[in-house]
Every structure is written in C-alpha cells, then in structure tokens.
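Chemist: output the structure for:
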Amino acid sequence: QVQLVESGGGLVQAGGSLVLSCAASGRTFSLYRMAWFRQAPGKEREFVAAISWSGSSPSYADSVKGRFTISRDNAKNTTLYLQMNSLKPEDTAVYYCAAGRGTYSSSAARVYDYWGQGTQVTVSS
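Modeler: Numbers count the residues shown, from 1 in each chain. Predicted structure coming up:
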C-alpha cells in the first residue's frame, strides 16, 4: 500500500521556523522524484519545492527561495523534508508531499503520481 504521510505542520508566528516531514512507503521511493506543493484557502495548488531521486538538483518557487530548503533521506524508507525559515503569513496553507516516477526534479504537478493528505501550516502576523 502506497503511503505518503506528512507531519510537522502547526501554528507559528511570522519570522519563525517549521520543519515538515513526509514518510513514504509502499514503493521504492528512493528512485522517485519528490516535491512539496501547497494550497491556501480559495487559491489554486502551487508548487513550493522539488528534489531529484538522488537528492540533487533542488528547485524552488521564487516566493520561497532563500527561506525554504528541501531535502530527503533515502537510507531506509524515504523521508522528504522541508525546512521553512522566516515564515510569512502568506505561507499559510495546507502543504502536500508528492512523489513521481522520474529522475529530475520538476515543478509540474502532472508528473507526480502519489500525494499525501496534507499538513496545515498557519503563520500568524
């Protein structure tokens, strides 16, 4: 059974930090590219960050570049991380982990086959 389970969301003040995790199981996710997307109330889902299967070639949305860092640990079961620093109220959203077959990181949602249920991040001003 394929599972992507996010954790680490919560309420934080502007300027604070959070680390999101995504535990992946049910496939050899060490061979999959992975990414974070988010969706704020009343808005479309948007790309946040992506990483290749090997952990190289991270890519970021302009809105989070320099503040967020994506990484992964393929040692046992694959875990994806998102370190979020200098959080802003506009970062408030449900954050989703995604995984897809393929080598390189991609910002296109259509290339990701599996999605988690999401974790809420709320940044207060």
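Chemist: the residue nearest to the spatial centre of the chain: which element?
Modeler: When the chain is reduced to its mean C-alpha position, the closest residue under CA atoms, centre = their mean turns out to be Trp36, at 2.4 Å. With elements taken from DSSP states H and E, the one containing Trp36 is strand 32-39.
Chemist: ok, now which ones touch the residue nearest to the centre of the chain?
Modeler: Contacts here follow CB atoms under 8 Å, 6 or more residues apart in numbering; on that basis Trp36 touches Leu20, Cys22, Val48, Ala49, Ala50, Ile70, Leu80, Leu82, Tyr95, Tyr96, Cys97, Ala98. Any C-beta I mention is one placed from the backbone N, CA and C, and that applies to glycine too.
Chemist: apart from its neighbours in sequence, what residue is nearest it?
Modeler: The shortest distance from Trp36 to any residue that is not its chain neighbour, by CB to CB, 6 or more residues apart in numbering, is 4.2 Å, and that residue is Val48.
Chemist: who are the packing partners of the helix or strand harbouring that neighbour?
Modeler: Val48 belongs to strand 46-51 when elements are defined using DSSP H and E. For strand 46-51, the elements it packs on are strand 32-39, strand 59-60, strand 68-73, strand 79-84, judged by 3 or more CB pairs under 8 Å, 6 or more residues apart in numbering; DSSP states H and E.
Chemist: okay, buried residues for stretch 106-119 please.
Modeler: For stretch 106-119, the buried set under the neighbour-count rule, 16 or more other CB atoms under 10 Å, comprises Ser106, Ala109, Val111, Tyr112, Tyr114, Trp115, Gly116, Gly118, Thr119.
Chemist: what is the nearest of the residues you listed to Gly26?
Modeler: Each of the buried residues of stretch 106-119 was checked against Gly26 using CB to CB; the closest is Tyr114, at 8.5 Å.
Chemist: picking that back up, make a markdown table from the buried residues of stretch 106-119 and add secondary structure and pLDDT to it.
Modeler: Written out in a markdown table, the entries for the buried residues of stretch 106-119 read as follows (DSSP: H, G, I helix; E, B strand; the rest coil; pLDDT from 0 to 100):
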| residue | secondary structure | pLDDT |
| --- | --- | --- |
| Ser106 | coil | 95 |
| Ala109 | helix | 97 |
| Val111 | helix | 96 |
| Tyr112 | coil | 96 |
| Tyr114 | strand | 96 |
| Trp115 | strand | 97 |
| Gly116 | coil | 97 |
| Gly118 | coil | 97 |
| Thr119 | strand | 98 |
